[in-house]
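**Student:** fold the following, please.
(one chain, ligands or ions: 1)
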Amino acid sequence: MTRSASAPTLPKVDVPLASQTPPAGQVNVRSAVPRDAAEICRLVNAWADQGLTLRRTQEEIRANSGEFVVAERGDGLIACGALAVFSPALAEIRSIAVDPAATGSGAGRLVVAFLMDLARVFEIDELVLLTKIPAFFAKFGFRSISPEDLPRVFVEEAIAGRGRTIVGRTVMLRELWRED
Ligand SMILES: CC(C)(COP(=O)(O)OP(=O)(O)OC[C@H]1O[C@@H](n2cnc3c(N)ncnc32)[C@H](O)[C@@H]1OP(=O)(O)O)[C@@H](O)C(=O)NCCC(=O)NCCS
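**Tutor:** Numbering: from 1, shown residues only. Below is the predicted model of the structure:
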């Protein structure tokens with residue numbers, strides 16, 4: 001389909017280009033684009049055998065690339081994470097993964113902080129997540145809650161409906177309007 005001469009001008013979007021990758025050592029976090037799908041898939045699946053992340057396919061990631069953010073260093077992508085908006089009030093943080101060779105570099109912290117900022121921009125009230133490493137997320141003000149405290153429709157659609165389980169994971173929640 002060709003765009004007509006009267007089509008509205010689209011807002012300029014700052015799509016990161018390969019030539020804009022940060023200098024070595026510097027880490028930038030940005031929204032993902034479809035061409036990041038292969039690298040995001042590598043990052044997420046690096047931890048799937050240990051059950052720390054849910055294994056995902058490249059096609060699934062590409063189709064949902066708007067949910068993802070990536071942390072980029074001069075030598076490529078070193079971390080990713082996703083914000084899945086469930087309702088105007090509730091979103092889930094998913095697929096937080098740092099390259100095994102880059103853990104401890106602060107990339108995980110940058111990605112979670114970026115996703116929390118993004119959720120505030122979207123005026124989300126609460127963030128939830130399922131994790132095997134609650135101590136990491138407690139650093140960002142998440143607290144453990146009982147699975148029964150999750151909205152039933154969220155459990156049915158976002159967890160059971162996607163073939164996921166709460167078993168063996170800690171359910172955590174963060175109210176975004178809280179100051180800490
Ligand atoms: C957990 C993970 C995201 C942390 O990212 P990272 O870049 O290695 O961590 P950072 O360097 O940003 O660390 C930030 C803080 O979290 C702490 N931390 C890091 N990993 C942790 C863990 N597994 N458990 C508890 N705390 C952790 C660090 O000690 C640091 O604490 P400090 O600020 O008091 O010094 C990363 O190691 C990872 O991808 N792990 C495997 C996948 C995973 O478990 N993802 C979560 C899915 S819900």
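**Student:** show me how far stretch 152-164 is from its chain's centre.
**Tutor:** Relative to its parent chain, stretch 152-164 has a centroid offset of 18 Å by Cα atoms, centre = their mean, to the nearest Å.
**Student:** ok, and for it, which residues are buried?
**Tutor:** Buried positions in stretch 152-164, judged by neighbour count with 16 or more other Cβ atoms under 10 Å: 154, 155, 158, 159. Where you see a C-beta, it was placed from the backbone N, CA and C, and this is true even at glycine.
**Student:** closest to residue 52 out of those?
**Tutor:** Comparing the buried residues of stretch 152-164 against residue 52 with Cβ to Cβ places residue 159 closest, at 16.9 Å.
**Student:** could the buried residues of stretch 152-164 go into CSV alongside secondary structure?
**Tutor:** Output for these, formatted as CSV (DSSP: H, G, I helix; E, B strand; the rest coil):
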residue, secondary structure
154, helix
155, helix
158, helix
159, helix
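**Student:** got a list of what the residue nearest to residue 142 when sequence neighbours are not counted touches?
**Tutor:** By the measure of Cβ to Cβ, 6 or more residues apart in numbering, the closest residue to residue 142 outside its immediate chain neighbours is residue 172, 4.0 Å from it. By Cβ atoms under 8 Å, 6 or more residues apart in numbering, the residues touching residue 172 are 128, 129, 130, 131, 134, 137, 138, 142, 143, 144, 145.
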